[in-house]
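> just coords:
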DNA sequence: AAAATATCGCAACAATGTTGCGATTAAATA
DNA sequence: TATTTAATCGCAACATTGTTGCGATATTTT
């Protein structure tokens, strides 16, 4: 089986995620890495981190894709079915770990995963009187 | 003010939407149009149809973008805050007009729009014993 | 029929993501 | 510690998706 290695680039990417409270796009990560590694390498690191369940992918309403660290906190099995909030002003995406929607489905559908994204103004931008 | 015109290409695109029960990507529309018009024209038609509130945009979990006809049925004001279902087998996206999630938000967030996408198996694929 | 302008086609570009391959380097083994 | 193995990297090249400018065309109004 493939074992995953700890490389300079991977460590650097993880540090970027540690420092950030919000989800990050590939481009944002690349900027913060400051040329430490190639663009392609970042894509491959993100793939590995997703396989290892260390980060997860979020695709926004407008089609942009971001990544965020998983919060494994207390659960034994990690589930990505939490909500995300996308601020229309600062464009930051945050995970709302505790927001879980309830809903009623029509019959004959088998639901395996849900994606729930809310958008509007985040607390920061709301306080800035916009 | 800009008035929107009825052109051959626009009519053709609308027909494609009429024929389809599921949401369509730009590429899927292009294939069905069979070279009737340019790739760019389709993008511009989609933009216009979205402005006119005739179709709406859906971005899927995997980052793919699709478009679907709006269902104006009975409401006076059209709202896009309904759910979408994405089949992991046939990759079709359908609008679940009647599924609306309920949820509890943390304070200090102002929610203006929600996007709720479920994925799994659609009735068709579920019946095919997969 | 003529005028006004929305739309089109083409070319060119930008952003984002993928793949192949030889070179490098982390980790296991001797 | 030195050697070996294979995971990872950098580079180049390519694919897909979406955007923009501009002269030509077609729809709608006058």
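All right, it came through fine. Worth saying up front: this structure is predicted, and the values here are computed from it rather than measured.

> and the nearest residue to residue A:126 once chain neighbours are set aside, how far is that from residue B:92?
The shortest distance from residue A:126 to any non-neighbouring residue, by C-beta to C-beta, 6 or more residues apart in numbering or on different chains, is to residue B:110 (5.4 Å). To be clear about C-beta, it is placed using only N, CA and C from the backbone, and glycine gets the same treatment. According to C-beta to C-beta, to the nearest Å, residue B:110 stands 34 Å off from residue B:92.

> Residue A:97 too?
Taking C-beta to C-beta, one finds residue A:97 at 31 Å from residue B:92.

> higher neighbour count, the two?
residue B:92 (17 against 12; other C-beta atoms under 10 Å in any protein chain shown).

> Just say helix, strand or coil for residue A:91.
coil (DSSP: H, G, I helix; E, B strand; the rest coil).

> Over to it: give its phi and psi.
phi 60, psi 20 (degrees, to the nearest 10).

> Give me the local confidence score for it.
Model confidence at residue A:91, given as pLDDT, is 83.

> Same question for residue A:84.
87.

> number of nearby residues for it?
Around residue A:84 there are 25 residues (other C-beta under 10 Å).

> Quickly note the distance from it to chain B.
9 Å (C-beta to the nearest C-beta, to the nearest Å).

> that older thread, if I pick the residue nearest to residue A:126, what's in contact with it?
Residue B:110 makes contact with A:120, A:121, A:126 under the criterion C-beta atoms under 8 Å, 6 or more residues apart in numbering or on different chains.

> Just the buried residues of these.
A:120, A:121 (16 or more other C-beta atoms under 10 Å in any protein chain shown).

> I'd like the contacts of residue B:110 laid out as CSV, including secondary structure and pLDDT.
Formatted as CSV, these follow (DSSP: H, G, I helix; E, B strand; the rest coil; pLDDT from 0 to 100):
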residue, secondary structure, pLDDT
A:120, strand, 89
A:121, strand, 90
A:126, helix, 88
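
> Make JSON lines from the contacts of residue B:110 and add distance to DNA strand D to it.
What follows is those, written out as JSON lines (distance: C-beta to the nearest atom of the strand, whole Å):
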{"residue": "A:120", "distance to DNA strand D": "22"}
{"residue": "A:121", "distance to DNA strand D": "24"}
{"residue": "A:126", "distance to DNA strand D": "28"}
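
> among the contacts of residue B:110, which are in reach of DNA strand C?
Among those, no residue sits close to DNA strand C (C-beta under 7 Å from any atom of the strand).

> What is the one helix or strand residue A:68 maps to packed up against?
Residue A:68 belongs to strand A:65-69 when assigned by DSSP states H and E. Judged by 3 or more C-beta pairs under 8 Å, 6 or more residues apart in numbering or on different chains; DSSP states H and E, strand A:65-69 is in contact with helix A:8-19, helix A:26-33, helix A:39-51, strand A:55-59, strand A:93-96.

> close to chain B, is the shortest one?
Yep, that's strand A:93-96 we're talking about. Yes - against chain B, strand A:93-96 shows contacts by C-beta under 8 Å from any C-beta of the partner chain at residue A:96.
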